[in-house]
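Undergrad: I need the structure of the sequence given here:
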Amino acid sequence: MNFNISLLVLALSFLFVGCKNHETSKQSDKNGGTFVMAEDNQIATLYPLSITSQVEGLVASQIHESIVRLNPKTLEVIPGLAEKWEMSADGKIITFHLHKGAHFQDDKCYKDGKGPEITSKDVRFTLENMATKTENNYQFNMILKDRLVGANEFFDKKSTSISGFKIIDDYTFSLELVNPSLSFIKLLANPAAAVINETAVKAYGQNLKTGAGPFMYDISSSNEKIVLVKNPDYFLKDSAGYSLPYLDSVIVLITPSIEDGLSLFENQKIDLINTLPSLRVKDVVEKNIKEFVSHPPKSLLQREPEMFSQFYVFNTKQKPFDDVKVRQAINYAIDREKLVDNVLQGQAIGAAVHGITPNTFAGYDIKKIKGYTLDTDKAKKLLSEAGYPNGKGFPEVRILVNSGNSRNSTVAVELQKQLKENLNINVNFESLPNIQKYELQMHGKSDLYRDAWVADFSSPESFLSLFSGDGVPADFETASFPNTSRYQNMAYDVYFKKGRDSNNKDTSYAYFMKAEQVLMDDAVIIPLWYEGSYRLLTNNVKGLYLNAMRYYDLTKTYKVK
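TA: Numbers count the residues shown, from 1 in each chain. Below you'll find the predicted structure:
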């Protein structure tokens, strides 16, 4: 894990000498430095259409650029590659105007190594690429299906173009929506919807690691350390006209566990750790109290409710978990309050006794969702009705959890204990690296899976979209994403789509609540708790906003001595 950041930055700077003349760029006195953070999940891909994890999205969003971005303070949509846009009176047509002079990053795949200017044709390629049926395209259903006019037809090869996409000129294009939508433009800020270049995709395919973002992927990267260096031709400027980004480089260390990440922070090797080990929070506070209360503090300890839920997912297509009474019985047999108090030692915003959606969306009252609390009598009755009185004849349950956070195994042990005591069900669990675990999960290779979800955009829709029945494959050989439960319920889909397609927030939320209640009645998941992780940040890092969505905009981040 030891490395010399100064030497690394110096070496990286030599790599770009002579590529272009950047002397005319207006440089801020905030320029320079390396920001280092730790994550405990390895990265399987940075190809936008194949991203499935938060850390993959974090890195990809630094390399790539989307039509729009999110304000890291408010999480509202702001200009990205499009400097402005207009909405038609009926809310169905959005006309975007691209920044002139925005280029893809220099790369050897281009003629003379120079990144070409980004035009409307690149947006067309991006959308058509997303609407092309391939094995590892996990984003079509999430972003374009039933939303963009003509996208479904293109996906099904009934059309050679997306009729809802119109090029007006090199820098202007329009998108026609099937229905007005509150969320569609937010989805365009997702790194999965990043604008990519056809030449680069043909050169690299799934291994694409060059885009139009503020940072460039460096070849010194490895599975344990992702190195990103400043894109000297990034198109955005700050309010004073200075070039962005300020940082010379960003390093994401992939540690074996969050405990290793904490050790690196305590030894001043990194600037940010996203999640503190729950059993170490009290120790960290007591040990570093002087740093937190000094003026100015050396480190900042932050905790707030996040758009983040922790839960287990049933494989609803596999016996005996295709029986709703079995799933309900297991939900009633779990004491979530005990889990939060005794196992997590209070390190959660609250036990998930309502649904999957956390209480972080104004106007969406999760207390109206009837979920599950401990009721062993009801649990036993349901299991008996399903044909397993006192657990007799019930097969051993296999749970997959991901390694890297000891809390995952600790929680699994507690659930194992509770299900044995309350239902006489035997449970075994296996801890695997997240990449391996999620591959098995998408292919339905176990009974239960530990899972979690951080919102992709600020809406309950981001959580409920995980259970839309559209696109669930009939066989386990084909990956199912994001609906790894393979749950299909027509009533749920009707409510979800009405919420998704409504242009009125109150109406949308009302339908989403109906959908979520169906989801809870069907007991598709075991909601456990709503996350509010402790995060540690060194105080010399400025311009970084730690928000409830773990959305990182590092373009204006800088470091002071």
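
Undergrad: quick check: bridge partners of residue 300?
TA: In this entry, residue 300 is beta-bridged to residue 537, by DSSP bridges.

Undergrad: any idea of the pLDDT on residue 256?
TA: pLDDT, the model's per-residue confidence, is 89 for residue 256.

Undergrad: residue numbering should commence at 28 henceforth.
TA: I'll keep to 28 as the first residue from here, and by that count the last item is residue 283.

Undergrad: hmm, it is touching residue 66, no?
TA: No: the pair residue 283 / residue 66 is not scored as a contact, 11.2 Å apart, by CB atoms under 8 Å. Heads up, the C-betas are built off the backbone N, CA and C, glycines and all.

Undergrad: between the two, which is the more surrounded one?
TA: Neighbours around residue 283 and residue 66, counted as other CB atoms under 10 Å, are more numerous at residue 66. The numbers are 24 against 13.

Undergrad: now do the same contact list for that one.
TA: With contacts taken as CB atoms under 8 Å, 6 or more residues apart in numbering, residue 66 has the following neighbours: 82, 85, 279, 280, 281, 282, 288, 301.

Undergrad: what does stretch 577-588 contact?
TA: Contact with stretch 577-588 is made by 55, 57-62, 81, 85, 88-89, 96-97, 99, 102, 241-242, 261, 263, 265, 271-274, 277, 298, 301, 333, 335, 481, 567-572, as judged by CB under 8 Å, 6+ apart.

Undergrad: any quick PyMOL command for the buried ones out of these?
TA: Selecting the buried subset of the contacts of stretch 577-588 in PyMOL, with 16 or more other CB atoms under 10 Å as the burial test, is done by:
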select buried, resi 55+57+58+60+61+62+81+85+88+89+96+97+99+102+241+242+261+263+265+271+272+273+274+277+298+301+333+335+481+568+570+571
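
Undergrad: residue boundaries of the strands in the stretch 428-577 of the chain?
TA: Taking DSSP state E, counting those that start in this stretch as the criterion, the stretch 428-577 of the chain carries its strands at 454-459, 475-481, 552-557, 561-565, 568-569.

Undergrad: ugh, wrong one, I meant the stretch 278-427 of the chain
TA: Secondary structure of the stretch 278-427 of the chain, counting by DSSP E, counting those that start in this stretch: strands at 299-300, 326-330, 335-341, 377-378, 424-429.

Undergrad: with distance to residue 234 and mean pLDDT as extra columns, can I get those strands in JSON lines?
TA: Shown next, in JSON lines, are those (distance: least, CB to CB, whole Å; pLDDT from 0 to 100):
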{"stretch": "strand 299-300", "distance to residue 234": "28", "mean pLDDT": "92"}
{"stretch": "strand 326-330", "distance to residue 234": "36", "mean pLDDT": "81"}
{"stretch": "strand 335-341", "distance to residue 234": "29", "mean pLDDT": "96"}
{"stretch": "strand 377-378", "distance to residue 234": "42", "mean pLDDT": "93"}
{"stretch": "strand 424-429", "distance to residue 234": "24", "mean pLDDT": "95"}
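
Undergrad: can you put those in TSV and add distance to residue 477?
TA: Listed next are the strands of the stretch 278-427 of the chain as TSV, based on distance: least, CB to CB, whole Å:
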stretch	distance to residue 477
strand 299-300	21
strand 326-330	22
strand 335-341	6
strand 377-378	16
strand 424-429	4
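
Undergrad: do you know which of these lies nearest residue 119?
TA: Of all these, it is strand 335-341 that lies closest to residue 119, at 32.2 Å by CB to CB.

Undergrad: thinking again about what came up before, which of the contacts of stretch 577-588 fall in helices?
TA: Members of these lying in helices (criterion: DSSP state H): 81, 85, 88, 89.

Undergrad: the first one: what's it in contact with?
TA: When you say that, I think you mean residue 81. Applying CB under 8 Å, 6+ apart to residue 81 gives the contacts 68, 481, 577.

Undergrad: so who does the residue lying closest to residue 559 once chain neighbours are set aside touch?
TA: Counting by CB to CB, 6 or more residues apart in numbering, residue 559 lies nearest to residue 376, which is 3.8 Å off, once chain neighbours are set aside. With contacts defined as CB under 8 Å, 6+ apart, the neighbours of residue 376 are 332, 333, 385, 386, 556, 557, 558, 559.

Undergrad: run a quick neighbour tally on the closest residue to the fifth one other than its chain neighbours.
TA: When you say that, I think you mean residue 556. Counting by CB to CB, 6+ apart, residue 375 is the residue found nearest to residue 556 once chain neighbours are left out, at 3.9 Å. Applying other CB under 10 Å, we find 21 residues neighbouring residue 375.

Undergrad: check contacts around residue 375.
TA: Applying CB under 8 Å, 6+ apart as the definition, the contact partners of residue 375 turn out to be 337, 367, 556, 557, 558, 559.

Undergrad: ok, what's across the strand from the third one?
TA: In other words, residue 556. residue 337, residue 378.

Undergrad: sorry, back to before: and the contacts of residue 376 as CSV, adding pLDDT?
TA: Output for those, formatted as CSV (pLDDT from 0 to 100):
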residue, pLDDT
332, 86
333, 90
385, 95
386, 93
556, 95
557, 94
558, 88
559, 82
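
Undergrad: so which of the residues you listed wins on neighbours?
TA: The most neighbours of any of these, using other CB under 10 Å, belong to residue 385, which has 29 neighbours.

Undergrad: phi first, then psi, for residue 76.
TA: The phi and psi torsions at residue 76 (degrees, to the nearest 10) take the values phi -70, psi -10.

Undergrad: now do the contacts for it.
TA: Each residue near residue 76 by CB under 8 Å, 6+ apart is listed here: 156, 157, 161, 163, 164, 165, 166, 167, 219.

Undergrad: tell me the one of these nearest residue 356?
TA: Set against residue 356, the nearest of the contacts of residue 76 by CB to CB is residue 165 (32.0 Å).

Undergrad: and the closest one, what pLDDT?
TA: 93.

Undergrad: contacts only, for it.
TA: Here residue 165 is in contact with 76, 77, 78, 79, 219, 506, 508, 509 (criterion: CB under 8 Å, 6+ apart).

Undergrad: hmm, 7 Å instead?
TA: With contacts defined as CB atoms under 7 Å, 6 or more residues apart in numbering, the neighbours of residue 165 are 76, 77, 79, 508.

Undergrad: now swap in residue 111 and tell me
TA: Contacts of residue 111 were listed using CB under 7 Å, 6+ apart, and they are residue 124.

Undergrad: quick one: secondary structure of it?
TA: strand (DSSP: H, G, I helix; E, B strand; the rest coil).
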